[in-house]
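[1] Got a predicted model here, sequence first, then my questions.
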Amino acid sequence: MSPSAPWMKPVWKHGCAAMPNPYKETFIFDMTKPNLLYIFTDQQRADTLQCYGNEQIQTPALNGLADESFVFENAYVSQPVCSPSRATMMTGLWPHTAGVPSCNVPLAADVPTIAKMLPDSYRCAYMGKWHLGDEIFPQHGFDTWVGSEDSYRHSYSSPERLLEFSPYHHFLLDNGFEPDIANQGQRVFSRHMEAGLDEPFTKASYLGEQAAQFIRDSGDRPFALCVSYLEPHPPHTGPLNDLYDPWSLPVGPAFMKPPPANAPLITRLMAAYYMASEEYGLDLQTEEGWRRVLARYWGNITLVDRSVQKILSALEESGQTDNTIVVFTSDHGEMTGDHGILGKTLMYEESVRVPMLIRAPMLGRTQKKIAGNFSHIDLVPTLLDL
């Protein structure tokens, strides 16, 4: 995290009276500051974008972004599980250093996020899935917070907070929908119900509208806006389920091919389970079932792309494109039938390698492919150094 960029001063703040605590170190900046638009999906593998060789998937907004970005061809997550990876993406720390070694472990209040590493002049906003503690309350340096998840209530910090609901929950209520399940004693919307709604009512569409409005309202104050999509994370269903013909989708040599006998036991067990199961109403004992999962997965990525277009259009219309660093990545990948497995958690390329685009207008707006390896552990310090 070398303070070499022209707007950075080598000044540190330490929140510990005795020995400096590395968790509490924060930069102080000095310049006309660029905005940051930090967009990430949940469970999107790298080969789902045109810039990574996928010529069939429909992602025009992300294709356009990639055409003007640094495209990291070999970008890897710190851990292929939601919460640990997100801790790294927010803090620039390894999951165990950030204190989030596994899912549903809250990020401690004294561990600074990128929002706390920016100066007070920034307006910092977080929208969407958090999965690092309380989902719907401003925290960790973000003064604007638009939550979308009511599924992680078991990891909220206090019982009183269970009486609160996300803005997305209220959006659905306002549009006449009724919660369909109970969670921690409260009626909430299940993910399966949310995913099955018509496109204008999906989380992806809602977040696109909220983020676009935030940009339109930002004025002259610099902003850092994080937009975190649940899609294409399960449940593998959505309004674009039928957009792709399952039998026309390309698959690789590992598709539905079980791991070898010398593979780790957990890998072989997961493959044996999924190859004999029914998931999301689809029979994974058949090739048709697996292909339909893949088609739905692609459909949800296209759904995200349509939402991203709203955000990028608002940025362009506001005249701030040339002063805004845009990042697009994902917290981990998805097996989607490769090695006979559905999900993540494993050290396969499909699980650990993700899209990674950085558009930094001050460095040009033509596509540049970076062939070397890149880890999410370097993302926060890289952004601070731009």
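    Yes, it's here.

[2] Checking G372 next. Helix, strand or coil?
    Reducing the assignment at G372 to three states with DSSP: H, G, I helix; E, B strand; the rest coil gives strand.

[3] For it, the count of nearby residues, please.
    Counted with other CB atoms under 10 Å, the neighbours of G372 add up to 7. Backbone N, C-alpha and C define where each C-beta goes, glycine included.

[4] L230 touches W130, doesn't it?
    No - using CB atoms under 8 Å as the test, L230 is too far from W130 to be in contact (10.8 Å).

[5] what residues do these two have in common as contacts?
    When contacts are counted by CB atoms under 8 Å, 6 or more residues apart in numbering, L230 and W130 are jointly contacted by E149.

[6] ok, so what distance separates the closest residue to Y297 other than its chain neighbours from V146?
    Leaving aside its chain neighbours, Y297 sits nearest to P232 (5.1 Å; criterion: CB to CB, 6 or more residues apart in numbering). Between P232 and V146 the distance is 20 Å, computed by CB to CB, to the nearest Å.

[7] remind me which residues of the stretch 201-350 of the chain are low pLDDT?
    Low-confidence segments of the stretch 201-350 of the chain, defined by pLDDT under 70, are absent; every residue clears the threshold.

[8] tell me what the lengthiest helix in the chain is packed against?
    In the chain, ranked by residue count with DSSP state H as the criterion, the top helix is helix 287-317. Helices and strands touching helix 287-317, by 3 or more CB pairs under 8 Å, 6 or more residues apart in numbering; DSSP states H and E, are strand 35-41, helix 60-66, helix 203-216, strand 282-283, strand 324-330.

[9] Tell me where the stretch 51-200 of the chain has helices.
    With DSSP state H, counting those that start in this stretch as the definition, the stretch 51-200 of the chain shows helices at residue ranges 60-66, 82-91, 95-98, 114-117, 167-174, 191-195.

[10] Out of the ones you listed, which is the most enclosed?
    helix 82-91 (a mean of 26; mean count of other CB atoms under 10 Å).

[11] Mind listing what's buried along stretch 221-241?
    Within stretch 221-241, the residues that qualify as buried are 222-241, counting by 16 or more other CB atoms under 10 Å.

[12] try stretch 342-355
    Within stretch 342-355, the residues that count as buried by 16+ other CB under 10 Å are 342-346, 348-355.

[13] Distance-wise, check the residue nearest to C124 when sequence neighbours are not counted relative to Y122.
    Nearest residue to C124 in three dimensions, chain neighbours excluded: A115, at 4.0 Å (CB to CB, 6+ apart). Distance check for A115 against Y122: by CB to CB, it reads 8 Å.

[14] go on, E349?
    Taken as CB to CB, the spacing of E349 relative to Y122 amounts to 36 Å.

[15] ok, the residue nearest to Y297 - contacts?
    Taking CB under 8 Å, 6+ apart as the definition of contact, the neighbours of P232 are T41, D42, Q43, Q44, T48, Y297, W298, N300, I301, V304, E334.

[16] Tabulate those (JSON lines), appending distance to R191.
    Formatted as JSON lines, these follow (distance: CB to CB, whole Å):
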{"residue": "T41", "distance to R191": "15"}
{"residue": "D42", "distance to R191": "11"}
{"residue": "Q43", "distance to R191": "13"}
{"residue": "Q44", "distance to R191": "17"}
{"residue": "T48", "distance to R191": "20"}
{"residue": "Y297", "distance to R191": "15"}
{"residue": "W298", "distance to R191": "19"}
{"residue": "N300", "distance to R191": "12"}
{"residue": "I301", "distance to R191": "17"}
{"residue": "V304", "distance to R191": "16"}
{"residue": "E334", "distance to R191": "16"}
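
[17] Among the residues you listed, which one lies nearest to Y274?
    Taking CB to CB as the measure, E334 is the one of the contacts of P232 closest to Y274, at 12.3 Å.

[18] these two touch, right, that closest one and Q44?
    Yes - contact criterion CB under 8 Å: E334 and Q44 qualify, at 7.0 Å.

[19] how about the strands of the stretch 101-250 of the chain, start to end?
    123-128, 144-147, 181-183, 186-188, 223-228 (DSSP state E, counting those that start in this stretch).

[20] now the ones you listed in CSV, with distance to E209?
    CSV is the format used below for these (distance: least, CB to CB, whole Å):
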stretch, distance to E209
strand 123-128, 10
strand 144-147, 10
strand 181-183, 25
strand 186-188, 21
strand 223-228, 11
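
[21] of all these, which lies closest to K203?
    The closest of those to K203 is strand 123-128. By CB to CB, the value is 7.3 Å.

[22] I'd like the average pLDDT over the closest one.
    Here the mean pLDDT over strand 123-128 is 98, rounded to a whole number.

[23] Paired strands for that strand, with orientation please.
    Based on DSSP bridges, the strands next to strand 123-128 in the sheet, each with its direction, are strand 144-147 (parallel), strand 223-228 (parallel).

[24] Figure out how far stretch 361-377 is from the centre of its chain.
    Averaging C-alpha positions (CA atoms, centre = their mean, to the nearest Å) puts stretch 361-377 18 Å from its chain's average.

[25] contacting residues for the closest residue to A212 other than its chain neighbours?
    With CB to CB, 6+ apart as the measure, A314 is the residue that lies nearest to A212, at 3.7 Å, once sequence neighbours are left out. By CB under 8 Å, 6+ apart, the residues touching A314 are A211, A212, Q213, I215, R216.

[26] Could you do H236 as well?
    H236 sits next to E279, Y280, L282, V293, R296, Y297, N300 when contact means CB under 8 Å, 6+ apart.

[27] Can you tell me which of these lies closest to V327?
    Nearest to V327 among the contacts of H236 is N300, at 20.2 Å by CB to CB.

[28] Please tell me I have it right and the closest one contacts E231.
    Yes - taking contact to mean CB under 8 Å, the distance of 4.2 Å between N300 and E231 places them in contact.

[29] any common contacting residues for these two?
    Counting by CB under 8 Å, 6+ apart, the residues touching both N300 and E231 are A204, G238.
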